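Asks: Output the structure for:
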Amino acid sequence: MLVVVSAILFPAHSQILRGRVIDEAGSGIEEAFVELANAVLSTKSENDGTWKIPVPKKRRNLTVSSI
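Replies: You can find the predicted model right below:
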């Protein structure tokens, strides 16, 4: 599993992280669980593996898992 991440910065206190979870062949992995470590913010990837989550600027650790 590979995770590609980008960030869109806003002047407020948060940013939106966007990414895509893919397998070794480059295909999107759907319903991969994406969460911030030590936070209650989480999301699942879409059918094509894409996801987005609002993130406070101070949080930096991201966990991705898939069964």
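Asks: how about low-confidence regions in this protein?
Replies: Along the chain, the model assigns pLDDT under 70 to residues 1-14, 59-60.
Asks: can you map out the strands along it?
Replies: All strands of the chain, identified by DSSP state E, fall at 2-9, 14-22, 33-36, 42-44, 50-56, 62-65.
Asks: JSON lines for those strands, including mean neighbour count?
Replies: For glycine as for every other residue, the C-beta is placed from the backbone atoms N, C-alpha and C. Formatted as JSON lines, the strands of the chain follow (neighbours: other Cβ atoms under 10 Å):
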{"stretch": "strand 2-9", "mean neighbour count": "12"}
{"stretch": "strand 14-22", "mean neighbour count": "18"}
{"stretch": "strand 33-36", "mean neighbour count": "18"}
{"stretch": "strand 42-44", "mean neighbour count": "13"}
{"stretch": "strand 50-56", "mean neighbour count": "16"}
{"stretch": "strand 62-65", "mean neighbour count": "14"}
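Asks: Quick check: end-to-end length of stretch 55-64?
Replies: Taking Cα to Cα, to the nearest Å, stretch 55-64 runs 15 Å from one end to the other.
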